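Visitor: Turn this into a model:
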Amino acid sequence: MAQYGVSQPISMQGPTEEELKLSVELEQELRTFNYFETEEELQKRLDVLRRINHLVKNWVKQISIQKNLLPEEVERAGGKLFTFGSYRLGVYTRGADIDSLCVTPRHVDRTDFFTSFFQCLKEDENVTELHAVEEAFVPVIKLKYSEIELDILFARLPLKEISDTQTLEDDNLLRNLDDKSVRSLNGCRVTDEILKCIPNQATFAVALRAIKLWAKNRSIYSNSLGFLGGVSWAILVARTCQLYPNACPAVIVEKFFLIFSTWQWPHPVFLKDNDSSQRPDIQTLNDLVWDPRNRVTDRYHLMPIITPAFPEQNSTFNVTKSTRTIMTKEFKDAFQTMLEITSKKKTWRNLFKEVNFFSRYRHFICLLCATETKEDHLVFGGLVESKIRHLISFFERNQCINLCHINPKKYKPLADCELFINYEDPTVTLWFVGLELNKSMLKNIDLTQEIQQFSDLVLKAASATGAYKSTMIVRPFYVRRKDLRNWIPEDEVVKGNKYVNGKNTVLSQLSQKEVDEKNSLDDPCVSSTKSQPSCSKFENSVQTVSSCPLLHSKSCPNMEVPPTTNEPSFSQLPVENLVLSNELMNSNLENIESQEVKMKKKRSLSPSASATVVEFFKVVNEGNDTNDIPQIPSETQVNITSPPAKRPRFNFLRNSQSSTIL
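Guide: Next comes the predicted model:
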């Protein structure tokens with residue numbers, strides 16, 4: 001039997017007529033979402049890429065001349081634009097951006113890219129919304145070329161020339177490269193490896209399009225906010241294709257939800273054997289390889305999905321407890337929906353319907369980011385977004401909160417919304433965090449400490465970039481569900497289908513009456529969760545899948561599957577893939593959890609009549625040492641006394657009527 005990936009396939013069976021028919025219906029349903037580009041739009045993308053590639057070659061020639069290379073060396077210097085991500089995988093959607101990589105020979109450096117090449121783009125009349133993020137973890141130039149969005153990374157190779165036939169698969173190309181070049185190359189190398197690991201690219205592309213659309217409509221698509229990004233979703237779909245190499249797209253989608261609704265996290269997902277003997281001897285990069293045996297931090301990753309290209313890394317290190325819980329539940333709900341689709345009780349439309357995020361929760365934290373100019377907002381807004389996952393982590397440590405769900409969608413406030421900003425015509429973005437509260441906790445819910453931690457974190461990061469201005473503002477607001485229409489357009493509040501907790505499908509269109517329902521809003525301590533009845537059919541599938549040795553590597557033979565018991569069985573792991581599964585590791589986790597409980601008990605949870613309200617990002621006092629982290633001035637801290645409340649309140653709020661922080 002042919003083997004794909006790190007284990008034997010679960011099934012080599014080909015599709016039936018009924019499954020092929022479902023696949024045709026799946027692709028037709030995807031087209032109804034305006035998901036595919038026309039031939040003209042595709043040609044426009046190709047034309048844009050040709051122009052940028054031509055611009056790269058001419059720019060490399062100019063730099064070569066400036067650095068006094070011989071005429072023949074100038075002509076051979078070359079330069080090339082690579083694509084990766086969804087465009088390279090063939091799953092890009094209408095209006096999506098193109099991830100690209102500018103590769104140059106060794107005499108062209110990163111400073112040239114962010115100065116002279118940036119200037120070349122700036123002088124091109126087809127370029128708009130151009131800005132550089134040079135200090136990012138992966139430095140990038142963002143722009144629109146003829147209304148097509150592009151992200152252009154940079155890497156220089158230790159080669160004299162870059163020909164049109166140059167590839168990036170050779171690991172030895174990474175020798176002596178700086179960390180930023182390695183990270184920039186990683187996107188292309190991972191995408192190419194994913195394509196090599198799958199048995200049927202056409203099936204993979206249709207299935208991945210379906211999974212991405214489903215994830216976006218369930219508000220769980222964003223790597224920076226703690227969910228899964230494009231690479232992670234691609235790896236999971238590719239792993240499903242490896243386990244069912246002859247299946248059609250409809251079957252791949254069904255098996256995807258079956259496998260990952262029962263996956264025993266934090267067991268890692270691999271696409272290829274993680275064999276250290278085949279890696280190049282590059283010590284600095286070998287230290288970056290995901291390895292829980294040697295790297296302590298890797299042991300605490302909650303949902304490891306490992307990239308297939310050297311250096312192999314975890315693409316989901318941003319995942320938190322809340323986001324993993326949310327995604328796992330969504331996998332289970334989607335699998336139940338798939339069972340009904342295959343039994344003709346429902347259609348693909350039921351799987352892909354957009355679910356109203358605001359119907360999921362009763363209480364929200366609205367995070368406002370404002371700047372004086374659009375140019376400042378491009379930089380500062382991205383920085384704030386990259387830190388929101390830390391706010392989620394801070395909230396998770398508060399015993400009063402069971403679950404935090406950040407909505408990946410950004411919103412613009414209503415024109416008449418009072419934002420308490422001191423300058424006119426600000427550029428504003430809103431994010432909403434849904435909260436599921438612990439109804440057994442005390443009635444006063446204090447989030448002051450968590451918000452202050454987030455304030456300090458963002459202020460420190462903004463100050464470190466040197467781009468911080470006193471007009472850059474981040475503010476949290478507590479918003480109840482019935483007050484949402486005071487912040488954003490009403491059609492956004494009611495858009496999509498109502499989410500019913502404990503059910504596996506959306507049931508009805510959300511009405512404004514249901515949004516305004518007061519009975520479910522008065523008590524912040526009333527949990528929105530209901531007990532979910534177990535499904536015997538689903539429990540059987542858990543035992544079946546989890547007993548399959550899906551994670552064995554080539555270098556370790558499959559272990560004997562333990563006898564079936566009443567307890568859920570776990571897939572056996574080889575030593576090199578073992579993560580948090582031995583007694584010592586479990587003991588360490590228990591010790592850590594007990595320490596966290598003790599720390600939480602030390603926190604003052606008594607309901608107080610007063611609370612400190614802190615406003616984010618006020619003007620930094622002049623005269624501070626430039627090496628010190630700017631502190632929030634004491635005059636921005638206001639002590640507020642709240643009247644005795646008959647019902648629980650968030651005691652960091654100033655005014656329960658306006659739900660704002662001043």
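Visitor: now Phe137, nearest residue through space, not along the chain?
Guide: Closest residue to Phe137 in three dimensions, ignoring its sequence neighbours and counting by Cβ to Cβ, 6 or more residues apart in numbering: Arg183, at 7.0 Å. From N, CA and C alone the C-beta is placed, and that goes for glycine too.
Visitor: so what secondary structure elements neighbour the helix or strand that neighbour falls within?
Guide: Secondary structure from DSSP states H and E places Arg183 in helix 179-197. For helix 179-197, the packing partners by 3 or more Cβ pairs under 8 Å, 6 or more residues apart in numbering; DSSP states H and E come out as strand 80-84, helix 85-89, strand 98-104, strand 148-156, helix 230-243.
Visitor: closest one to Tyr411 among these?
Guide: strand 148-156 (19.8 Å; Cβ to Cβ).
Visitor: Export the closest one to PDB, keeping only CA atoms.
Guide: Output for strand 148-156, consisting of C-alpha atoms alone and laid out as PDB, is shown next (Å, rounded to 0.1, in the frame of the first residue of the first chain):
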ATOM      1  CA  ILE A 148      -4.600  44.200  -6.600                       C
ATOM      2  CA  GLU A 149      -3.300  43.900  -3.100                       C
ATOM      3  CA  LEU A 150       0.300  42.600  -2.700                       C
ATOM      4  CA  ASP A 151       2.500  41.800   0.300                       C
ATOM      5  CA  ILE A 152       6.200  41.700  -0.900                       C
ATOM      6  CA  LEU A 153       8.800  40.100   1.400                       C
ATOM      7  CA  PHE A 154      12.600  40.200   0.700                       C
ATOM      8  CA  ALA A 155      15.400  37.700   0.900                       C
ATOM      9  CA  ARG A 156      18.800  37.700  -0.600                       C
END
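Visitor: Parallel or antiparallel, which strands does that strand pair with?
Guide: Using DSSP bridges, the strands paired with strand 148-156 in its sheet are strand 98-104 (parallel), strand 140-145 (antiparallel).
Visitor: What is the burial count for the closest residue to Phe257 other than its chain neighbours?
Guide: On the basis of Cβ to Cβ, 6+ apart, the spatially nearest residue to Phe257 that is not a chain neighbour turns out to be Phe335, at 3.8 Å. Other residues within reach of Phe335, judged by other Cβ atoms under 10 Å, total 22.
Visitor: A helix includes Phe335, no?
Guide: Yes - counting by DSSP: H, G, I helix; E, B strand; the rest coil, Phe335 falls inside a helix.
Visitor: That one and Ser261 touch, don't they?
Guide: Yes - between Phe335 and Ser261 there is a contact at 4.8 Å, judged by Cβ atoms under 8 Å.
Visitor: Enumerate the positions of the helix holding Arg183 that are buried.
Guide: When burial is assessed from 16 or more other Cβ atoms under 10 Å, helix 179-197 yields the following buried residues: 180-194, 197.
Visitor: from those residues, which single one is nearest Pro15?
Guide: Among the buried residues of helix 179-197, and counting by Cβ to Cβ, the member closest to Pro15 is Cys197, at 20.9 Å.
Visitor: so how far is the longest helix anywhere in the chain from its chain's centroid?
Guide: Secondary structure assigned by DSSP state H gives helix 39-66 as the longest helix of the chain. Taking Cα atoms, centre = their mean, to the nearest Å, the mean C-alpha location of helix 39-66 is offset from the chain mean by 30 Å.
Visitor: So which other helices or strands are in contact with that helix?
Guide: Packed against helix 39-66, as judged by 3+ Cβ pairs under 8 Å, 6+ apart, are the following elements: helix 71-76, strand 80-84, strand 98-104, helix 118-123, strand 140-145, strand 148-156.
Visitor: Can you tell me which of those is packed in deepest?
Guide: Between the helices and strands packed on helix 39-66, strand 98-104 has the highest mean count of neighbours, a mean of 25, where neighbours are mean count of other Cβ atoms under 10 Å.
Visitor: Tell me the helix or strand right after it.
Guide: helix 110-112.
Visitor: And for that next one, what's in contact with it?
Guide: Defining contact as Cβ atoms under 8 Å, 6 or more residues apart in numbering, one finds that helix 110-112 is touched by 63, 139, 154, 156, 178, 180-181.
Visitor: go on, stretch 317-329?
Guide: In contact with stretch 317-329 (Cβ under 8 Å, 6+ apart) are residues 220, 223-228, 261, 265, 301-303, 389, 392-393, 395-396, 403-406.
Visitor: How far does it sit from its chain's centre?
Guide: Mean C-alpha position of stretch 317-329 versus that of the full chain (Cα atoms, centre = their mean) differs by 10 Å.
Visitor: now stretch 375-389
Guide: From the chain centre to the centre of stretch 375-389 is a distance of 15 Å (Cα atoms, centre = their mean).
Visitor: SS state for the residue lying closest to Cys197 once chain neighbours are set aside?
Guide: Computed as Cβ to Cβ, 6+ apart, the closest residue to Cys197 that is not its neighbour in sequence is Leu271, at 4.5 Å. For Leu271, the secondary structure call by three-state DSSP comes out as coil.
Visitor: measure Leu271 to Asp287 for me?
Guide: For Leu271, the distance to Asp287 equals 22 Å [Cβ to Cβ, to the nearest Å].
Visitor: higher neighbour count, the two?
Guide: Here Leu271 and Asp287 are compared on neighbour count by other Cβ under 10 Å; more neighbours surround Leu271, at 27 against 11.
Visitor: Run through the strands of the chain in chain order.
Guide: Listed in chain order, the strands of the chain (DSSP state E) span residues 80-84, 98-104, 127-133, 140-145, 148-156, 363-371, 401-406, 427-437, 444-445, 473-480, 610-614, 637-641, 649-650.
Visitor: Of those, which is nearest Asp164?
Guide: Sorting the strands of the chain by Cβ to Cβ, the top spot, which is the nearest, belongs to strand 80-84 at 6.5 Å.
Visitor: ok so, going back, mind putting the strands paired with strand 148-156 into a markdown table with mean pLDDT and distance to Thr111?
Guide: As requested, those are arranged in a markdown table below (pLDDT from 0 to 100; distance: least, Cβ to Cβ, whole Å):
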| stretch | mean pLDDT | distance to Thr111 |
| --- | --- | --- |
| strand 98-104 | 96 | 12 |
| strand 140-145 | 94 | 13 |
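Visitor: and the gap between the nearest residue to Glu385 once chain neighbours are set aside and Leu383?
Guide: If you skip the residues right next to it in sequence, Glu385 has Ser224 as its closest partner in space, 6.0 Å away by Cβ to Cβ, 6+ apart. Here the criterion is Cβ to Cβ. By it, Ser224 lies 11 Å from Leu383.
Visitor: Likewise for Ala136?
Guide: Going from Ala136 to Leu383 by Cβ to Cβ gives 9 Å.
Visitor: Next, format the strands paired with strand 148-156 as TSV and append distance to Ile445.
Guide: As requested, the strands paired with strand 148-156 are arranged in TSV below (distance: least, Cβ to Cβ, whole Å):
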stretch	distance to Ile445
strand 98-104	41
strand 140-145	39
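Visitor: Which of those strands sits closest to Glu492?
Guide: Glu492 lies closest to strand 140-145 among the strands paired with strand 148-156, at 24.6 Å (Cβ to Cβ).
Visitor: then the closest one to PDB, C-alphas only?
Guide: Backbone C-alpha positions of strand 140-145 (Å, rounded to 0.1, in the frame of the first residue of the first chain) are rendered in PDB as follows:
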ATOM      1  CA  VAL A 140       7.200  43.500   4.300                       C
ATOM      2  CA  ILE A 141       6.100  46.100   1.800                       C
ATOM      3  CA  LYS A 142       2.400  46.400   1.400                       C
ATOM      4  CA  LEU A 143       0.700  48.000  -1.600                       C
ATOM      5  CA  LYS A 144      -2.000  48.000  -4.200                       C
ATOM      6  CA  TYR A 145      -1.000  47.600  -7.800                       C
END
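Visitor: what sits against the residue nearest the centre of the chain?
Guide: In the chain, the centroid-proximal residue (Cα atoms, centre = their mean) is Asn223; its distance is 1.3 Å. Contacts were defined as Cβ under 8 Å, 6+ apart; by that measure Asn223 touches 229-232, 315-316, 318.
Visitor: Over to Val206?
Guide: Applying Cβ under 8 Å, 6+ apart, the residues near Val206 are 23, 26-27, 30, 249.
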